[in-house]
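**Q** This is a predicted model, with the sequence first.
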Amino acid sequence: MTSRLLSTNVILGLAPIVLVIALWQGLVSFGFAPAVLLPPPGYVFSRLFQQFVTWTFQQEIVATLIRLFAGFAIAVVLGVTIGVAAAASPAINAVVRPIVRVLAPLPKVALYPALLLLLGFGHGSKITLVAADALFPILLSTYYGASTVEQKLIWSAMAAGTPRYEILFKVVLPAAMPSILTGCRIGLVISCIVVFLAEMITSTDGLGHVLVTAARTFQAVDMFVPLITISLLGLILNGLLGAVRSYLVRGFPEA
(Lines give C-alpha, C1' and ligand atoms only; values in the text may rest on other atoms or scores of the structure.)
Protein backbone atom coordinates (compact mmCIF):
# COMPACT_ATOMS: atom_id res chain seq x y z
CA MET A 1 0.00 0.00 0.00
CA THR A 2 2.83 2.37 0.85
CA SER A 3 4.71 1.65 -2.38
CA ARG A 4 1.54 2.20 -4.40
CA LEU A 5 0.93 5.52 -2.65
CA LEU A 6 4.55 6.53 -3.29
CA SER A 7 4.26 5.65 -6.98
CA THR A 8 1.06 7.67 -7.25
CA ASN A 9 2.69 10.68 -5.61
CA VAL A 10 5.69 10.44 -7.96
CA ILE A 11 3.44 10.27 -11.02
CA LEU A 12 1.34 13.21 -9.82
CA GLY A 13 4.52 15.17 -9.12
CA LEU A 14 6.01 14.48 -12.55
CA ALA A 15 2.81 15.18 -14.49
CA PRO A 16 2.99 19.02 -14.21
CA ILE A 17 6.68 18.98 -15.19
CA VAL A 18 5.95 16.87 -18.26
CA LEU A 19 3.04 19.17 -19.12
CA VAL A 20 5.26 22.26 -18.92
CA ILE A 21 7.91 20.65 -21.16
CA ALA A 22 5.21 19.62 -23.67
CA LEU A 23 3.81 23.15 -23.68
CA TRP A 24 7.32 24.51 -24.15
CA GLN A 25 7.89 22.21 -27.12
CA GLY A 26 4.51 23.15 -28.57
CA LEU A 27 5.26 26.87 -28.42
CA VAL A 28 8.49 26.32 -30.36
CA SER A 29 7.09 23.79 -32.84
CA PHE A 30 4.08 25.89 -33.83
CA GLY A 31 6.10 29.08 -34.14
CA PHE A 32 4.57 31.00 -31.25
CA ALA A 33 8.09 31.78 -30.02
CA PRO A 34 11.25 32.04 -32.13
CA ALA A 35 13.82 29.31 -31.46
CA VAL A 36 16.48 32.00 -31.05
CA LEU A 37 14.74 33.27 -27.92
CA LEU A 38 13.05 30.05 -26.77
CA PRO A 39 15.14 27.07 -27.88
CA PRO A 40 13.52 23.62 -28.01
CA PRO A 41 13.71 21.68 -24.74
CA GLY A 42 15.68 18.91 -26.44
CA TYR A 43 18.51 21.34 -27.26
CA VAL A 44 18.49 22.73 -23.74
CA PHE A 45 18.62 19.33 -22.00
CA SER A 46 21.29 18.14 -24.42
CA ARG A 47 23.37 21.21 -23.58
CA LEU A 48 22.71 20.62 -19.88
CA PHE A 49 24.15 17.12 -20.08
CA GLN A 50 27.15 18.41 -22.01
CA GLN A 51 27.80 21.13 -19.42
CA PHE A 52 27.17 18.94 -16.41
CA VAL A 53 30.16 16.69 -17.07
CA THR A 54 32.57 19.60 -17.44
CA TRP A 55 34.75 20.63 -14.51
CA THR A 56 34.02 24.33 -15.07
CA PHE A 57 30.26 23.93 -14.76
CA GLN A 58 30.64 21.68 -11.72
CA GLN A 59 32.66 24.43 -10.05
CA GLU A 60 29.82 26.87 -10.72
CA ILE A 61 27.37 24.47 -9.06
CA VAL A 62 29.67 24.02 -6.07
CA ALA A 63 30.03 27.79 -5.63
CA THR A 64 26.24 28.17 -5.58
CA LEU A 65 25.75 25.26 -3.17
CA ILE A 66 28.38 26.60 -0.75
CA ARG A 67 26.55 29.92 -0.49
CA LEU A 68 23.16 28.24 -0.32
CA PHE A 69 24.08 25.76 2.44
CA ALA A 70 26.05 28.32 4.47
CA GLY A 71 23.26 30.89 4.41
CA PHE A 72 20.57 28.29 5.06
CA ALA A 73 22.52 26.78 7.98
CA ILE A 74 22.93 30.20 9.60
CA ALA A 75 19.20 30.86 9.15
CA VAL A 76 18.29 27.52 10.75
CA VAL A 77 20.53 28.06 13.78
CA LEU A 78 19.38 31.64 14.36
CA GLY A 79 15.73 30.99 13.52
CA VAL A 80 15.35 27.98 15.81
CA THR A 81 17.29 29.59 18.65
CA ILE A 82 15.44 32.92 18.57
CA GLY A 83 12.07 31.25 17.95
CA VAL A 84 12.39 28.92 20.95
CA ALA A 85 13.74 31.71 23.15
CA ALA A 86 10.86 34.03 22.21
CA ALA A 87 8.33 31.29 22.92
CA ALA A 88 9.90 30.50 26.29
CA SER A 89 10.50 34.03 27.57
CA PRO A 90 7.93 36.86 27.54
CA ALA A 91 10.77 39.40 27.86
CA ILE A 92 12.59 38.07 24.78
CA ASN A 93 9.26 37.84 22.95
CA ALA A 94 8.58 41.50 23.70
CA VAL A 95 11.92 42.44 22.13
CA VAL A 96 11.77 40.08 19.13
CA ARG A 97 8.12 40.61 18.11
CA PRO A 98 8.41 44.29 16.96
CA ILE A 99 11.70 43.57 15.19
CA VAL A 100 10.12 40.70 13.26
CA ARG A 101 7.06 42.78 12.40
CA VAL A 102 9.26 45.50 10.93
CA LEU A 103 11.89 43.37 9.15
CA ALA A 104 9.90 40.34 7.96
CA PRO A 105 7.95 42.22 5.22
CA LEU A 106 11.08 44.07 4.08
CA PRO A 107 12.48 42.78 0.76
CA LYS A 108 15.96 41.75 1.87
CA VAL A 109 17.39 42.19 -1.62
CA ALA A 110 17.03 45.95 -1.01
CA LEU A 111 19.77 45.54 1.59
CA TYR A 112 22.14 43.91 -0.87
CA PRO A 113 23.94 47.12 -1.95
CA ALA A 114 24.69 47.86 1.71
CA LEU A 115 25.89 44.28 2.22
CA LEU A 116 28.21 44.66 -0.78
CA LEU A 117 29.74 47.77 0.76
CA LEU A 118 30.16 46.12 4.15
CA LEU A 119 31.16 42.58 3.14
CA GLY A 120 32.49 42.94 -0.40
CA PHE A 121 31.73 41.00 -3.55
CA GLY A 122 32.78 37.59 -2.22
CA HIS A 123 30.83 34.86 -0.46
CA GLY A 124 30.07 36.94 2.63
CA SER A 125 27.50 39.31 1.15
CA LYS A 126 25.64 36.54 -0.67
CA ILE A 127 25.59 34.19 2.32
CA THR A 128 24.31 37.01 4.52
CA LEU A 129 21.53 37.82 2.06
CA VAL A 130 20.48 34.16 1.88
CA ALA A 131 20.48 33.88 5.67
CA ALA A 132 18.47 37.09 6.09
CA ASP A 133 15.79 35.95 3.64
CA ALA A 134 15.50 32.39 4.95
CA LEU A 135 15.57 33.40 8.62
CA PHE A 136 12.04 34.66 9.15
CA PRO A 137 10.01 31.67 7.88
CA ILE A 138 12.10 29.41 10.12
CA LEU A 139 11.89 31.77 13.10
CA LEU A 140 8.11 32.21 12.83
CA SER A 141 7.47 28.49 12.34
CA THR A 142 9.69 27.66 15.31
CA TYR A 143 7.97 30.24 17.49
CA TYR A 144 4.54 28.92 16.52
CA GLY A 145 5.54 25.30 17.13
CA ALA A 146 7.23 25.99 20.46
CA SER A 147 4.45 28.25 21.76
CA THR A 148 1.74 25.66 20.99
CA VAL A 149 3.39 22.80 22.88
CA GLU A 150 0.88 21.43 25.37
CA GLN A 151 1.65 22.77 28.82
CA LYS A 152 0.79 19.49 30.47
CA LEU A 153 3.80 17.91 28.75
CA ILE A 154 6.09 20.55 30.26
CA TRP A 155 4.40 20.30 33.68
CA SER A 156 4.77 16.52 33.66
CA ALA A 157 8.47 16.81 32.87
CA MET A 158 8.95 19.42 35.59
CA ALA A 159 7.04 17.27 38.10
CA ALA A 160 9.36 14.39 37.29
CA GLY A 161 12.33 16.59 38.21
CA THR A 162 13.61 17.11 34.67
CA PRO A 163 16.01 20.09 34.43
CA ARG A 164 14.84 23.02 32.31
CA TYR A 165 17.50 22.57 29.63
CA GLU A 166 16.50 18.91 29.27
CA ILE A 167 12.86 19.92 28.94
CA LEU A 168 13.90 22.08 26.00
CA PHE A 169 15.64 19.24 24.17
CA LYS A 170 13.40 16.36 25.25
CA VAL A 171 9.96 17.99 25.24
CA VAL A 172 9.74 21.35 23.49
CA LEU A 173 11.93 20.78 20.42
CA PRO A 174 10.55 17.30 19.62
CA ALA A 175 6.96 18.57 19.99
CA ALA A 176 7.70 21.60 17.79
CA MET A 177 9.64 19.59 15.19
CA PRO A 178 6.85 19.38 12.53
CA SER A 179 6.43 23.16 12.54
CA ILE A 180 10.19 23.77 12.58
CA LEU A 181 10.80 21.49 9.59
CA THR A 182 7.94 23.09 7.66
CA GLY A 183 9.63 26.45 8.14
CA CYS A 184 12.94 24.93 7.05
CA ARG A 185 11.40 23.68 3.79
CA ILE A 186 10.06 27.17 3.07
CA GLY A 187 13.43 28.68 3.97
CA LEU A 188 15.25 26.24 1.70
CA VAL A 189 13.15 27.23 -1.32
CA ILE A 190 13.76 30.90 -0.54
CA SER A 191 17.49 30.20 -0.22
CA CYS A 192 17.60 28.69 -3.72
CA ILE A 193 15.88 31.74 -5.19
CA VAL A 194 17.94 34.32 -3.32
CA VAL A 195 21.37 32.80 -3.93
CA PHE A 196 20.62 32.65 -7.66
CA LEU A 197 19.41 36.25 -7.66
CA ALA A 198 22.46 37.46 -5.72
CA GLU A 199 24.79 35.76 -8.20
CA MET A 200 22.94 37.38 -11.07
CA ILE A 201 23.36 40.85 -9.58
CA THR A 202 27.06 40.64 -8.82
CA SER A 203 29.28 37.60 -8.94
CA THR A 204 32.17 36.10 -10.86
CA ASP A 205 31.01 32.52 -10.39
CA GLY A 206 27.91 30.50 -9.59
CA LEU A 207 24.85 29.53 -11.62
CA GLY A 208 23.42 33.05 -11.58
CA HIS A 209 26.64 34.37 -13.07
CA VAL A 210 26.45 31.70 -15.79
CA LEU A 211 22.97 32.91 -16.77
CA VAL A 212 23.99 36.58 -16.91
CA THR A 213 27.09 35.76 -18.97
CA ALA A 214 24.98 33.78 -21.45
CA ALA A 215 22.43 36.59 -21.68
CA ARG A 216 25.11 39.15 -22.45
CA THR A 217 26.33 37.02 -25.37
CA PHE A 218 22.78 36.18 -26.55
CA GLN A 219 23.27 32.44 -25.96
CA ALA A 220 19.64 31.45 -25.33
CA VAL A 221 20.37 27.74 -24.83
CA ASP A 222 23.06 28.47 -22.24
CA MET A 223 20.65 30.82 -20.46
CA PHE A 224 18.22 27.99 -19.76
CA VAL A 225 20.89 25.58 -18.51
CA PRO A 226 21.51 27.29 -15.13
CA LEU A 227 17.77 27.88 -14.71
CA ILE A 228 17.03 24.18 -15.07
CA THR A 229 20.04 23.30 -12.91
CA ILE A 230 18.94 25.44 -9.96
CA SER A 231 15.41 24.06 -10.35
CA LEU A 232 16.70 20.48 -10.24
CA LEU A 233 18.90 21.27 -7.24
CA GLY A 234 15.92 22.80 -5.45
CA LEU A 235 13.78 19.78 -6.31
CA ILE A 236 16.41 17.35 -5.01
CA LEU A 237 17.15 19.30 -1.83
CA ASN A 238 13.46 19.76 -1.09
CA GLY A 239 12.88 16.05 -1.60
CA LEU A 240 15.74 15.17 0.75
CA LEU A 241 14.47 17.57 3.41
CA GLY A 242 10.98 16.16 2.96
CA ALA A 243 12.32 12.65 3.53
CA VAL A 244 14.14 13.83 6.67
CA ARG A 245 10.93 15.46 7.87
CA SER A 246 8.90 12.29 7.27
CA TYR A 247 11.44 10.30 9.28
CA LEU A 248 11.64 12.74 12.20
CA VAL A 249 7.88 13.31 12.56
CA ARG A 250 6.80 9.72 11.83
CA GLY A 251 5.13 9.52 15.25
CA PHE A 252 2.99 12.63 14.78
CA PRO A 253 -0.62 12.40 13.52
CA GLU A 254 -0.08 14.96 10.72
CA ALA A 255 2.92 12.99 9.39
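**A** It's in. In this text the structure is predicted, and so the values were computed from the model without any measurement. Residues are numbered from 1 along each chain as shown.
**Q** surely Leu241 meets Leu181?
**A** Yes - assessed by C-beta atoms under 8 Å, Leu241 is found in contact with Leu181 at 7.4 Å. All C-beta atoms are positioned from the backbone trio N, CA, C, and that covers glycine.
**Q** Show me which of these two is the more surrounded one.
**A** The residue with more neighbours, out of Leu241 and Leu181, is Leu181; 21 against 17, by other C-beta atoms under 10 Å.
**Q** Which residue ranges of this structure form helices?
**A** 2-29, 41-52, 55-88, 90-103, 112-119, 123-147, 151-159, 164-167, 173-201, 207-216, 220-248 (DSSP state H).
**Q** count of residues packed around Gly42?
**A** Residues near Gly42, counting by other C-beta under 10 Å, number 11.
**Q** likewise Leu19?
**A** Summarising burial for Leu19: neighbours were counted as other C-beta under 10 Å, giving 10.
**Q** what's the distance between it and Gln25?
**A** From Leu19 across to Gln25, the span is 11 Å (C-beta to C-beta, to the nearest Å).
**Q** With Pro41 instead?
**A** Per C-beta to C-beta, Pro41 is found 6 Å from Gln25.
**Q** And the two? Which one has more around it.
**A** Higher neighbour count among Pro41 and Gln25: Pro41, with 17 against 13, using other C-beta under 10 Å.
**Q** so that one makes contact with Ile21?
**A** Yes - with contact defined as C-beta under 8 Å, Pro41 reaches Ile21; the gap is 5.2 Å.
**Q** Would you format the helices of the chain as a markdown table with distance to Ala35 and mean pLDDT included?
**A** Below are these laid out as a markdown table (distance: least, C-beta to C-beta, whole Å; pLDDT from 0 to 100):
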| stretch | distance to Ala35 | mean pLDDT |
| --- | --- | --- |
| helix 2-29 | 6 | 77 |
| helix 41-52 | 8 | 91 |
| helix 55-88 | 23 | 94 |
| helix 90-103 | 45 | 91 |
| helix 112-119 | 35 | 90 |
| helix 123-147 | 34 | 93 |
| helix 151-159 | 61 | 73 |
| helix 164-167 | 63 | 73 |
| helix 173-201 | 24 | 92 |
| helix 207-216 | 16 | 92 |
| helix 220-248 | 8 | 90 |
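**Q** winner for burial among the ones you listed?
**A** Most buried of the helices of the chain by mean neighbour count (mean count of other C-beta atoms under 10 Å) is helix 123-147; its value is a mean of 23.
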